[in-house]
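Q: Quick check, what structure comes out for this input:
(2 chains)
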Amino acid sequence: SAVISQKPSRDICQRGTSLTIQCQVDSQVTMMFWYRQQPGQSLTLIATANQGSEATYESGFVIDKFPISRPNLTFSTLTVSNMSPEDSSIYLCSVDPGRVRRTEAFFGQGTRLTVV
Amino acid sequence: AQKVTQAQTEISVVEKEDVTLDCVYETRDTTYYLFWYKQPPSGELVFLIRRNSFDEQNEISGRYSWNFQKSTSSFNFTITASQVVDSAVYFCALSESNYGQNFVFGPGTRLSVLP
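A: Numbers count the residues shown, from 1 in each chain, chains lettered A, B, ... in the order given. Next comes the predicted model:
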C-alpha cells in the first residue's frame, strides 16, 4: 500500500518568503495531487503532478505561485511562493486512489502553514 | 461534472445518540469510488471507508455503518452510540475510476458530540 510522508507538518512563515513542502510515497505512483484546505473550508485541488511532465494546475492556481516538482515516481514538492496571510492553509498531497488497490489512506499528514 | 453535496453543515448530538451524516454525489461515470474521511482538530485526514460503485452492500465497522444507494446517488454515514471522540469534521469524497482522477470533496459536516 502507499504510505505517504509529508513534511514539514507545520510552519510559521513571514510574508514574502517561500516554503517548499515535500511529499514522499513508499511505492511508485504515476499521479500525485496537491490540495489546499483553507481555514474552515473543504479541500480544493491545486494541481496534478505527473512524473516527467509539467504539473497541471486547476483554475485559480498558477505555476508562479505554486511551483511543483516531480523528479521521480515516489517524490514531489510543492512550493508556496511569495507568501501572504491568505496562503495560511493546510496543504496535503495525495496519490491516485484508483491505482492504490489496498484499502488505505491516500493522503499525507498535511502541512499546516501560517503566514504572519 | 463531479460534485459532492453534504447538506448538513454542523450537527450537534449528545453522547450515545445515533447520528447520520448525509452525502449526495453527482457523476457521469458508471465506475467510481466513494470515500469518507474524518478530520479531527489536528488536521490530519483519517480514512474511514472506500466503496466502489459496483459494490452496493452496506458496510458496518464497529459503531460505523454506511448506506450506499445508487438509485438516489447517496452514500450516508451513521455513527451509532456516538462518543465525544467522534467530534470532528467529516468529508465525503468522490473519485472517478479513470486513470489519474483526483478526489472531489464535499464541503464537510462538523459533528459535535456533547458529553
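Q: And the residue nearest the centre of chain A, how far from residue B:64?
A: Central residue of chain A (CA atoms, centre = their mean): residue A:34, 3.4 Å from the mean position. Going from residue A:34 to residue B:64 by CB to CB, to the nearest Å gives 29 Å. Bear in mind the C-beta positions are built from the backbone N, C-alpha and C, glycine included.
Q: swap in residue A:33?
A: Using CB to CB, residue A:33 is found at 26 Å from residue B:64.
Q: who has more neighbours, the two?
A: residue A:33 (27 against 16; other CB atoms under 10 Å in any protein chain shown).
Q: what helix or strand is that one on?
A: strand A:31-37 (DSSP states H and E).
Q: How about residue B:55?
A: With DSSP H and E as criterion, residue B:55 is part of no helix or strand.
Q: Show me what the closest residue to it other than its chain neighbours bridges to in the sheet.
A: By the measure of CB to CB, 6 or more residues apart in numbering or on different chains, the closest residue to residue B:55 outside its immediate chain neighbours is residue B:68, 7.5 Å from it. As for beta bridges, residue B:68 partners with residue B:75 under DSSP bridges.
Q: so what's residue B:68 up against?
A: Counting by CB atoms under 8 Å, 6 or more residues apart in numbering or on different chains, residue B:68 makes contact with B:34, B:51, B:55, B:56, B:57, B:58, B:74, B:75.
Q: again, only this time at 7 Å
A: B:34, B:51, B:56, B:58, B:75 (CB atoms under 7 Å, 6 or more residues apart in numbering or on different chains).
Q: The strand holding residue A:33 - contacts with which helices or strands?
A: In terms of contact count using 3 or more CB pairs under 7 Å, 6 or more residues apart in numbering or on different chains; DSSP states H and E, strand A:31-37 is assigned the packing partners strand A:43-50, strand A:89-95.
Q: Quick check: the residue of chain B nearest chain A.
A: Closest to chain A within chain B is residue B:47: 3.8 Å, counting by CB to the nearest CB.
Q: Does that residue lie in a helix or a strand, and which?
A: strand B:46-52.
Q: Is chain A within reach of the helix or strand just after that strand?
A: As assigned by DSSP H and E, the chain's next helix or strand after strand B:46-52 is strand B:59-61. No: for strand B:59-61, no contact with chain A is found by CB under 7 Å from any CB of the partner chain; the gap never falls below 10.9 Å.
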